[in-house]
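Visitor: What shape does this take:
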Amino acid sequence: MPAAAGTSLRSLCEHPFDLLQELERRSKVALAGGAGADIDVTEWVGIGFRLGAEQFVMAREEVREVLMVPSSVTRVPGARAWMRGLANVRGHLLPVVDLRAFLGSGSGGMGRSARVLVLNDNEFAAGLVVDEVYGFRRFLDREHQSDVPETLIRCDRFLAGSFQRGDEVWPLFSATRLLATEEFARAAEN
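Guide: Numbering: from 1, shown residues only. Modelled structure (predicted):
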């Protein structure tokens, strides 16, 4: 039973799914600042995470899954310091990379809140160790800024703009840009 724009919430009490859809629609209208019934509010969804003291967001499509940092990571002889090693994840070897160390901002991902963002790439499997994952972050398309914000962690070449809501800025980290660099692809010491 699709809810009409003028539907009262009380009339949807017997249809919980329709009630939730109507609540979502009303929330989006309120967030968009409109009072109209059919405002098109396009939403962008990403994974929020922390590196050091800074928060970032990565497109949901670029992350396959979020894992606890594996307790056993086998160091690869001759690999760069930022390459933590290989982990056995459900029978598959996953290269584990310390993202902060790769960016030249010291070693990260040592605390209890550290997680691994497994990148969703068919050609290059990699897990990025980050200091904390905040979960899904939702932004309206109009909150996207193409300007790359200045960050303490030197990662501007991997940023694809940012999302800004009020005073809060979430730099948009691009795994696609990261994987495209020769520096990241060559984890062996020279």
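
Visitor: so which helix or strand takes in the residue nearest to the spatial centre of the chain?
Guide: Closest residue to the average C-alpha location of the chain: residue 47 at 2.5 Å, with C-alpha atoms, centre = their mean. Using DSSP states H and E, residue 47 maps to strand 43-51.

Visitor: and that strand, average pLDDT?
Guide: For strand 43-51, the mean per-residue pLDDT is 94.

Visitor: Kindly provide the distance from the residue nearest to the centre of the chain to residue 121.
Guide: In this structure, residue 47 and residue 121 are 15 Å apart, going by C-beta to C-beta, to the nearest Å. Every residue, glycine included, has its C-beta placed from N, CA and C.

Visitor: surely residue 152 meets residue 54?
Guide: Yes - the pair residue 152 / residue 54 is scored as a contact, 5.8 Å apart, by C-beta atoms under 8 Å.

Visitor: of the two, who's got more company?
Guide: residue 54 (17 against 10; other C-beta atoms under 10 Å).

Visitor: Let me see the contact set for residue 85.
Guide: Contact analysis of residue 85 by C-beta atoms under 8 Å, 6 or more residues apart in numbering lists 73, 74, 75, 76, 79, 95, 96.

Visitor: Helix or strand: which one has it?
Guide: Secondary structure assigned from DSSP H and E places residue 85 in strand 83-89.

Visitor: and if you look at residue 21?
Guide: Residue 21 belongs to helix 16-31, assigned by DSSP H and E.

Visitor: re earlier: going by neighbour count, which residues of the strand holding residue 85 are buried?
Guide: Neighbour counts over strand 83-89 (16 or more other C-beta atoms under 10 Å) mark 83, 84, 85, 86, 87, 89 as buried.

Visitor: how about these in TSV, adding distance to residue 105?
Guide: Formatted as TSV, those follow (distance: C-beta to C-beta, whole Å):
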residue	distance to residue 105
83	16
84	15
85	20
86	23
87	22
89	25
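
Visitor: between these, which is closest to residue 181?
Guide: residue 83 (14.2 Å; C-beta to C-beta).

Visitor: List the contacts of that closest one.
Guide: 76, 95, 96, 97, 98, 187.

Visitor: who's in contact with the closest residue to the third one other than its chain neighbours?
Guide: This points to residue 96. Nearest non-adjacent residue to residue 96, counting by C-beta to C-beta, 6 or more residues apart in numbering: residue 84, 4.3 Å away. The neighbourhood of residue 84, defined by C-beta under 8 Å, 6+ apart, consists of 73, 75, 96, 97, 98, 129.
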